[in-house]
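Asker: show me how the following folds:
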Amino acid sequence: MARIVVRGTAIEDPPLARFLFSNTGMAWFWLIVRVWLGYQWFEASLHKLASPAWMQTGAAVKAYWERAVVIPPQGQPPIAFGWYRDFIQYLLATHSYTWFAKVVAVGELAVGIALVLGVFVGFSAFFGALMNWSYLMAGTASTNPVLFVAAILLMLAWKVAGYIGLDYYLLPLLGTPWRPGRIFGGPRRAHPAPA
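Answerer: Sure thing, here's the model as predicted:
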């Protein structure tokens with residue numbers, strides 16, 4: 001049970017939050033969310049990996065960025081924040097699309113595979129959310145808001161979201177940055193039984 005003490009009073013997580021994000025009985029629910037989200041990333045990567053516009057020239061990202069930074073004669077520009085538009089214009093000016101397209105395609109594949117297999121779910125979901133956030137910042141809604149919310153929820157549920165997956169073995173073995181696992185001399189405890 002997560003809690004902090006503020007001026008002598010214990011402040012605990014709400015029971016619903018403990019149930020959703022810390023109870024291994026919810027692992028089946030998070031398995032469904034995780035595999036669905038992973039499949040979305042995996043499927044999105046397949047056409048990119050087979051396309052020369054993504055894997056050779058970067059022309060697909062270049063065209064996307066060019067549309068994102070153009071301010072239409074009337075109405076709101078696709079990128080609402082000037083600093084982000086400047087960042088995309090810098091990437092265009094430095095021809096970064098040639099390598100960035102490959103990073104996107106391979107990143108989508110890696111996030112998809114990691115989520116489906118349940119490998120470092122919180123970490124994998126973070127990078128998926130980062131990609132969704134980037135698409136949203138560039139003015140592309142599509143399915144990104146739903147995928148972003150699913151990724152945030154998986155980050156919150158990281159302890160149990162990979163319980164039915166490879167995290168069941170990896171987390172006790174490798175540990176976390178704040179608590180090393182068995183390989184790094186951490187405690188040798190049994191994994192908790194499902195609640």
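
Asker: got the contact list for stretch 109-118?
Answerer: 31, 34-35, 37-46, 49, 119-121, 123-125, 127-128, 131, 154, 161-168 (CB atoms under 8 Å, 6 or more residues apart in numbering). No exception for glycine: its C-beta is placed from N, CA and C like everyone else's.

Asker: check which residues of that stretch are buried.
Answerer: 109, 110, 111, 112, 114, 115, 116, 117, 118 (16 or more other CB atoms under 10 Å).

Asker: from those, which ones fall inside helices?
Answerer: Under the assignment DSSP state H, the buried residues of stretch 109-118 contribute 109, 110, 111, 112, 114, 115, 116, 117 to helices.

Asker: just the residues you listed now: which is nearest residue 11?
Answerer: Using CB to CB, residue 115 comes nearest to residue 11 of those, at 31.9 Å.

Asker: what about the strands in this structure?
Answerer: Along the chain, counting by DSSP state E, strands occupy 3-6, 9-12, 175-176, 179-180.

Asker: related to what we said a few turns ago, okay, the ones in helices among the buried residues of stretch 109-118 in TSV with pLDDT and distance to residue 181 next?
Answerer: Below are those laid out as TSV (pLDDT from 0 to 100; distance: CB to CB, whole Å):
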residue	pLDDT	distance to residue 181
109	98	26
110	98	22
111	98	23
112	98	25
114	98	18
115	98	21
116	98	23
117	98	18
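
Asker: tabulate these (TSV), appending distance to residue 27.
Answerer: Formatted as TSV, those follow (distance: CB to CB, whole Å):
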residue	distance to residue 27
109	25
110	23
111	20
112	20
114	17
115	14
116	15
117	14
